[in-house]
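Engineer: Fold the following for me, if possible:
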Amino acid sequence: MASELISNAPALRPNTTRRALLAIWISVGTALTSLRGNWFRSFLTILGVVIGVASVIILVAFGEGARKEITGQIDTLGTNVAVIVPGKLRGQTNFNPTAGMGISNLTHQDVERLRPVKGVKSVAPLTFLGGGVYYKDQPASICMPIATTPEYAAIRRIQTSSGRFLATADMDQPVCVLGVGVQKDLFGTVDPLGKQVTINDQNYRVIGTVKERNLGSGLFGGDELDAMIYLPLKTVERLTKTTQLHRIMVEFSPDAKPDVVIEAVRLKMKESHRGRDDFSLLRAKELLDMFYKVFSLLAALLIGITSISLVVGGIGIMNIMLVSVTERTREIGIRKTVGARQSDIFWQFLTEAITLSIFGGILGIGLAVIVCRVVQFWMPLKPEITLAPVLLGFGVCVVVGVISGVLPAVAASRKDPIEAIRYE
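Structural biologist: Purely as a prediction, here's the structure:
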């Protein structure tokens, strides 16, 4: 007898599997028939899920696009370049959220003390300027004027397409060098060399244009170097009557150990600042780490906010399923009378709720793809849709469907068949 049961066991398993698959197929077919009969109400029900899934995918895609863009721009600094900024940008006890804003504590004395440090190849101070840039009455739509010295070109590997970059003899002259983005914006195809541009009501003669870096479209309509205008530092200081510096860029010698040079620069800066550690010395990796930390916090916050739409969508599904149970009470009674079990009724209504959420997830993914494609076509920011947020959004919407469908399914399966069949 035992041997007969054992020999028949493999044959029973496929039958059980087929019965389970058939039951699922029937439940899905019944659910689709019911939803098709009220398709407009079903669409309105899943609208919250559609918006929630699409919002999560779109926000993550925008963040991924921004992360890729900023990573590419920071990577142009290279591994042998560090940036000194005013204030503390790292550390918990000394963190200052306004560091780098307002009056800077970086000086020319810092620059001169860094030049003889062993392992330092070159040093370039930077001062940022506000205000617009004009050629005659034509304004530049996007520009970033900075005052610097000739060393900046070597540190950032800048090459000119026409004319030349700033030289030592230009430091007290009203001249400028245009990034290719500003050149195209102000002059189009006209040669800008020798022409005058106006920055903060001061005229500067164009002596050169920078070659395009070809690093992508960029958040600003081009790489950040393409949107810059380079001015002589001494000239700007004379005209603005200020000598404060906003950044100091330091390039290390190729044969020097970066960590050793970084520490030597840090010690020299502390000495220049009378022992105060009121500055930050950042390399490309540290800039990226800082960005990723802030970006991760913002991304988590935004995803949490948009996930509220999924919760609202789940409540909508639960509400409409409870209404459906009430409307179909007589149908439930008839099905139970002809032999349907509680589990059959339970799975029917649960399947309908899950089907609603799955359709909502599919429509949400489609909506997100369309929005990202439109944004890529019309804006410089390029959203990057990755597999992770798609799976996350779709998985969450399935969970929402299961959770929101359990209560209506239980309520339907527990109805008394006699009372249900008498329901009007």
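Engineer: quick one: the strands in this structure?
Structural biologist: For the chain, the strands defined by DSSP state E cover 81-86, 120-128, 133-135, 138-139, 144-148, 160-163, 175-178, 196-199, 202-210, 228-232, 247-252, 279-283.
Engineer: Count the neighbours of the residue nearest to Arg414 when sequence neighbours are not counted for me.
Structural biologist: Spatial nearest neighbour of Arg414, excluding adjacent residues (Cβ to Cβ, 6 or more residues apart in numbering): Gln342 at 7.0 Å. C-beta: built from backbone N, CA, C; applies to glycine. Per other Cβ atoms under 10 Å, the neighbour tally for Gln342 reads 14.
Engineer: ditto for Pro232
Structural biologist: 26.
Engineer: So it versus Val399, what's the distance?
Structural biologist: Using Cβ to Cβ, to the nearest Å, we find Pro232 at a distance of 61 Å from Val399.
Engineer: Repeat that for Phe349.
Structural biologist: In terms of Cβ to Cβ, Phe349 sits 17 Å off from Val399.
Engineer: The two: which has the busier surroundings?
Structural biologist: Phe349 (28 against 14).
Engineer: In contact with the more buried one, which residues are there?
Structural biologist: The contact partners of Phe349, taken as Cβ atoms under 8 Å, 6 or more residues apart in numbering, are 321, 324-325, 405, 408-409, 412-413.
Engineer: What separation do you get for the residue nearest to Arg414 and Thr351?
Structural biologist: Counting by Cβ to Cβ - Gln342 and Thr351 are separated by 15 Å.
Engineer: now swap in Leu391 and tell me
Structural biologist: Taken as Cβ to Cβ, the span from Leu391 to Thr351 is 22 Å.
Engineer: the more surrounded of those two?
Structural biologist: Higher neighbour count among Leu391 and Thr351: Thr351, with 23 against 10, using other Cβ under 10 Å.
Engineer: What separation do you get for that one and Leu32?
Structural biologist: In terms of Cβ to Cβ, Thr351 sits 9 Å off from Leu32.
Engineer: Assess the claim that Gln109 and Arg274 are in contact.
Structural biologist: No: if you go by Cβ atoms under 8 Å, Gln109 and Arg274 don't touch, sitting 11.1 Å apart.
Engineer: since we're on Pro145, how many residues are nearby?
Structural biologist: 24.
Engineer: any chance you could map the helices in the stretch 1-150 of the chain?
Structural biologist: 2-37, 39-75, 108-114 (DSSP state H, counting those that start in this stretch).
Engineer: oh sorry, the question was meant for the stretch 151-300 of the chain
Structural biologist: 151-155, 180-187, 233-240, 258-272, 284-327.
Engineer: shouldn't Ile320 be in contact with Ile46?
Structural biologist: No: contact criterion Cβ under 8 Å: Ile320 and Ile46 do not qualify, at 9.4 Å.
Engineer: Among the two, which residue is more densely surrounded?
Structural biologist: The residue with more neighbours, out of Ile320 and Ile46, is Ile46; 27 against 21, by other Cβ under 10 Å.
Engineer: wait, what's in contact with the nearest residue to Gly364 once chain neighbours are set aside?
Structural biologist: Nearest non-adjacent residue to Gly364, counting by Cβ to Cβ, 6+ apart: Val53, 2.8 Å away. Val53 is in contact with 310, 360-361, 364-365, 368, 393-394, 396-397, counting by Cβ under 8 Å, 6+ apart.
Engineer: Go again with 7 Å.
Structural biologist: With contact set as Cβ atoms under 7 Å, 6 or more residues apart in numbering, Val53 has these partners: 360-361, 364-365, 393-394, 397.
Engineer: that older thread, which one of the helices of the stretch 151-300 of the chain lies nearest to Gly163?
Structural biologist: Ranking those by proximity to Gly163 (Cβ to Cβ) places helix 180-187 first, at 10.6 Å.
Engineer: Contacts for the closest one, please.
Structural biologist: In contact with helix 180-187 (Cβ under 7 Å, 6+ apart) are residues 133, 135, 138, 140-143, 161, 192, 197, 209-212, 221-222, 226-227, 229.
Engineer: just how off-centre is that helix within its chain?
Structural biologist: 28 Å (Cα atoms, centre = their mean, to the nearest Å).
Engineer: just stretch 54-71 next, same as before
Structural biologist: Distance of stretch 54-71 from the chain centroid (Cα atoms, centre = their mean) equals 3 Å.
Engineer: Distance of Met269 relative to Asn203?
Structural biologist: Relative to Asn203, Met269 is positioned 36 Å away (Cβ to Cβ).
Engineer: Between those two, point out the one with more neighbours.
Structural biologist: Met269 (23 against 11).
Engineer: Name the nearest residue to the more buried one, sequence neighbours excluded.
Structural biologist: Phe279 (5.6 Å).
Engineer: Do you know the pLDDT at that neighbour?
Structural biologist: On pLDDT, Phe279 comes in at 85.
Engineer: For the residue nearest the centre of the chain, which residues are in contact?
Structural biologist: The centre of the chain sits closest to Gly63, judged by Cα atoms, centre = their mean, with a distance of 1.0 Å. Going by Cβ under 7 Å, 6+ apart, Gly63 touches 295, 299.
Engineer: Pro125 and Val111 touch, don't they?
Structural biologist: Yes: look at Pro125 against Val111 with Cβ atoms under 7 Å: they come within range, at 5.0 Å.
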